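A.B. asks: Sequence below, structure please.
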Amino acid sequence: MPDDTRRPTRKPSGWSAVKKHTKDWTPAQLTALIKDLYDRSADNRTFLEARVQADGSGGAALETYRQRIVEQFYPKRGFGKLKLGEARKAIRDYKKATGNVEGTIELLLTYVENGNDFTCDFGDINGPFYDSLCSVMNELAAVLKAEGQATYAKVQERLDQVAGKADGIGWGYGDHINEVVEELEAELGQA
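C.D. replies: Sure thing, here's the model as predicted:
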């Protein structure tokens, strides 16, 4: 009868293997690895550039993520594909790369503004489209209330413009946007 208590020895994999392997690397070796990752893909470049610009105003990296959002609504050529998951992924990726609250607020607001403009330009879309816009607006409000109170004054006028344009749009969208903007004004407008 075979001995079931013996198990094959597994080599560590995933992050723990990488961590174990690189823990004793010199700064030069780590820098070389980062350079290789940077050269390997555009996503890596964007992530690394965002990470090193995290404490600033966002600069070119923030603009790269912003363009990924705008492209889903208003591409340079053709019609908007409305791959809203891609636009939302740009926001998540930026937030993970930087942790920059002001930049995250900018991207959330860019999403809502472009979606709002898109429906004003092209007419009624569909329920999932408006649900996504409302969801991002809710996320924007939560970030403004929790960590972005100092940023509210900088975006207040833009929020008012979104609410004005959304007024009268169906699917409950216009009402929801106006309610959220009014709630933000009541809570943060006096700050």
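A.B. asks: In the helix or strand encompassing Val155, which residues are buried?
C.D. replies: If you go by DSSP states H and E, Val155 is part of helix 152-166. Within helix 152-166, the residues scored as buried using 16 or more other Cβ atoms under 10 Å are 152, 155-156, 159, 162-163, 165-166. From N, CA and C alone the C-beta is placed, and that goes for glycine too.
A.B. asks: Glu187 and Lys145 touch, don't they?
C.D. replies: Yes: with contacts counted by Cβ atoms under 8 Å, Glu187 reaches Lys145, the gap being 6.5 Å.
A.B. asks: for the helix or strand of the chain with the lowest mean pLDDT, packing partners?
C.D. replies: Every helix and strand of the chain was ranked by mean pLDDT, DSSP states H and E. The lowest is helix 42-52, at a mean of 75. Using 3 or more Cβ pairs under 8 Å, 6 or more residues apart in numbering; DSSP states H and E, the elements in contact with helix 42-52 are helix 27-40, helix 59-73, helix 84-98.
A.B. asks: Rebuild those as a markdown table, extending it with mean neighbour count.
C.D. replies: Shown next, in a markdown table, are those (neighbours: other Cβ atoms under 10 Å):
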| stretch | mean neighbour count |
| --- | --- |
| helix 27-40 | 11 |
| helix 59-73 | 19 |
| helix 84-98 | 18 |
